[in-house]
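**Q** Build me a structure from this.
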Amino acid sequence: MVLLHVITNDTNQTDEIVDQLITQKLLLSGITIEDVNVKKMGHEGNIISEKQSLIMGTTKALLFNKIDAFLRDKYPDNVPTVYSIPIVNMDWEQADQLVKETKAI
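**A** Modelled structure (predicted):
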C-alpha cells in the first residue's frame, strides 16, 4: 500500500483527476489541497513561488503504473507530478477495505 501524491499546476485538473481515479477504482479516496505554495529555482537563479494543487490518497503499490499511464494519456501536454510513499503500518480494517475496494490486480 502507498500514499499517492499528484501535484498539478492546473487547478481544473484536480477534481477531474480525483473523480477519474476513484471511478476507475485506482484510488480508494482522495484529498485535495488547493493553492499549495511551491518554491523552486527560476531560470535566472532566483527563487520563484507557484500555486499548485496537491492530491493525496491511498492505493495499492501495484496500481501506480496504471495511474501514471492514465495521467500521461489524459494530460500529455501538462502531465502532473506523481509519486508514491510506502505505507509501513495501517489499521488492518482500513487496509482490508483498500484491498477490497480498489481494482483487482
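
**Q** how far away is residue 65 from residue 9?
**A** With the distance defined as Cβ to Cβ, to the nearest Å, residue 65 ends up 23 Å from residue 9. In this view, the C-beta of every residue, glycine as well, is placed from N, C-alpha and C.

**Q** quick one: which of the two has more around it?
**A** Taking other Cβ atoms under 10 Å, residue 65 and residue 9 do not tie; residue 9 has more neighbours (13 against 9).

**Q** Tell me the pLDDT of the more buried one.
**A** As predicted, residue 9 sits at a pLDDT of 89.

**Q** same question, the one 10 residues further on
**A** Reading off the confidence values, residue 19 has pLDDT 95.

**Q** and what of residue 89?
**A** Looking at residue 89, its pLDDT stands at 86.

**Q** cool, and residue 103?
**A** Value for residue 103, per-residue pLDDT: 88.

**Q** Which strands or helices does the lengthiest strand in the chain pack on?
**A** Of all the segments of type strand in the chain, defined by DSSP state E, the longest one is strand 47-59. Using 3 or more Cβ pairs under 8 Å, 6 or more residues apart in numbering; DSSP states H and E as the contact criterion, the secondary-structure elements in contact with strand 47-59 are strand 2-8, helix 11-23, strand 31-41, helix 92-101.

**Q** quick one, which of those is packed in tightest?
**A** Greatest average neighbour count among the helices and strands packed on strand 47-59 goes to strand 2-8 (a mean of 19), per mean count of other Cβ atoms under 10 Å.
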